[in-house]
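S.K.: next comes the sequence, and after it the predicted model I'd like to discuss.
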Amino acid sequence: MVLKKIKNDSLISTAQQQIKLFIIESGLKAGDVLPTEKVLEEQLGISRTSIREALRSLEALGIVESRHGVGRFLRDFNYDAILENLSYNIQVNVKDFRDIIDVRIALETSFLELEVPRFSESDIEELRAILNKMEYQVNHGYRDEELIQTHTSFHLKLYEGTKNQLLLHLIRIFATIQRTLTVLNKYRTSNKREFIELHRRLIEAIEHGDTALARERLIEHFKDVIAWSEEHKNEKLTERR
């Protein structure tokens, strides 16, 4: 029988799982300090090196935070690190991008239907102010990446009242993915003036409190990116044949 060497990443994974279990069984809460590396080494029977690497990975996941000169603490549950890793790890090919757009449309339409009756006059004015900025950027030849950033602010404003942090974080991630495609010269908004007009129509529907029309216009404003993703998906299928 030939014994296989234990890989370092397996040790780190084991150490990570043991530390998680230790946190649960010890009843630690957000803000509590974690035992030192030495104490964890003694209690878990795992090398100090593996303990250290496991703690670093838990920091990257947003489970643990390190305070210089103080120690490591258990963090509050948060979406930031999880979604940052999701954004980094998504392999953005055309099919993935279409899947992402479909999820975004489903999420935004559902939340928009709930939010339309709640919009105040000041909310409408803020949306108009963001749209005016977008229009200024289009008229003065700003880069697409800058337009995407302002466009993201528009969508964040649409759902600000939901207080749903996961939705707001996801919208930022969708924007990051789109910005990545733009930087790589894979995607550009084909008609920016129409893009502005579609947002203007969306605001008008919200202002009139017409939920069905707002939903319809939100979907319509994604038509350019949907058409692009379909076109490039078909190109990929043709290449494979």
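M.R.: The structure has been received and is ready for your questions. Everything numeric in this text was worked out from a predicted model, so none of it was measured.
S.K.: domain ranges for the chain?
M.R.: For the chain, automatic domain parsing gives the domain ranges 8-74, 81-240.
S.K.: how about those domains in CSV, adding mean neighbour count and mean pLDDT?
M.R.: C-beta coordinates here come from the backbone N, C-alpha and C atoms, glycine included. Shown next, in CSV, are the domains of the chain (neighbours: other Cβ atoms under 10 Å; pLDDT from 0 to 100):
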stretch, mean neighbour count, mean pLDDT
domain 8-74, 15, 87
domain 81-240, 15, 86
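S.K.: kindly spell out which helices and strands sit in contact with the longest helix anywhere in the chain.
M.R.: With DSSP state H setting the assignment, residue counts place helix 94-115 as the longest helix in the chain. The contact analysis (3 or more Cβ pairs under 8 Å, 6 or more residues apart in numbering; DSSP states H and E) places helix 94-115 against helix 144-158, helix 165-183, helix 211-220, helix 223-240.
S.K.: can I get these in TSV including distance to N191?
M.R.: Shown next, in TSV, are the helices and strands packed on helix 94-115 (distance: least, Cβ to Cβ, whole Å):
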stretch	distance to N191
helix 144-158	13
helix 165-183	15
helix 211-220	13
helix 223-240	7
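S.K.: so what would you say the end-to-end distance of stretch 40-54 is?
M.R.: The first and last residues of stretch 40-54 sit 11 Å apart, counting by Cα to Cα, to the nearest Å.
S.K.: who touches it?
M.R.: Residues from elsewhere that reach stretch 40-54 (Cβ atoms under 8 Å, 6 or more residues apart in numbering): 8, 11-16, 18-19, 22, 34-35, 37-38.
S.K.: what's the answer for stretch 140-153, then?
M.R.: 130, 133-134, 137-138, 171-172, 175, 178-179, 182-183, 188-189, 192.
S.K.: which SSE is G69 in?
M.R.: Using DSSP states H and E, G69 falls within no helix or strand.
S.K.: for it, phi and psi?
M.R.: phi 80, psi 0 (degrees, to the nearest 10).
S.K.: can I get the contacts of stretch 40-54 in TSV with secondary structure and distance to E53?
M.R.: What follows is those, written out as TSV (DSSP: H, G, I helix; E, B strand; the rest coil; distance: Cβ to Cβ, whole Å):
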residue	secondary structure	distance to E53
N8	helix	8
L11	helix	8
I12	helix	5
S13	helix	10
T14	helix	11
A15	helix	7
Q16	helix	8
Q18	helix	13
I19	helix	11
F22	helix	16
L34	coil	15
P35	coil	16
E37	helix	11
K38	helix	15
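S.K.: closest one of the residues you listed to R201?
M.R.: Q16 (50.1 Å; Cβ to Cβ).
S.K.: host element of the closest residue to the closest one other than its chain neighbours?
M.R.: Leaving aside its sequence neighbours, Q16 sits nearest to A54 (Cβ to Cβ, 6 or more residues apart in numbering; 4.1 Å). Element membership of A54, judged by DSSP H and E, is helix 48-60.
S.K.: now stretch 102-112: how far from the chain's centre is it?
M.R.: 14 Å (Cα atoms, centre = their mean, to the nearest Å).
S.K.: cool, stretch 144-159 as well?
M.R.: 14 Å.
S.K.: just the CA coordinates of it, formatted as PDB?
M.R.: Provided in PDB are the C-alpha atoms of stretch 144-159 (Å, rounded to 0.1, in the frame of the first residue of the first chain):
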ATOM      1  CA  ASP A 144     -18.400  54.000 -20.200                       C
ATOM      2  CA  GLU A 145     -16.800  53.000 -16.900                       C
ATOM      3  CA  GLU A 146     -17.800  56.300 -15.400                       C
ATOM      4  CA  LEU A 147     -21.300  56.100 -16.800                       C
ATOM      5  CA  ILE A 148     -21.700  52.600 -15.300                       C
ATOM      6  CA  GLN A 149     -20.700  54.000 -11.900                       C
ATOM      7  CA  THR A 150     -23.500  56.700 -12.100                       C
ATOM      8  CA  HIS A 151     -25.900  54.200 -13.500                       C
ATOM      9  CA  THR A 152     -25.200  52.000 -10.400                       C
ATOM     10  CA  SER A 153     -26.000  54.900  -8.200                       C
ATOM     11  CA  PHE A 154     -29.400  55.200 -10.000                       C
ATOM     12  CA  HIS A 155     -30.300  51.600  -9.300                       C
ATOM     13  CA  LEU A 156     -29.100  51.800  -5.700                       C
ATOM     14  CA  LYS A 157     -31.400  54.700  -5.200                       C
ATOM     15  CA  LEU A 158     -34.300  52.700  -6.600                       C
ATOM     16  CA  TYR A 159     -34.000  50.100  -3.800                       C
END
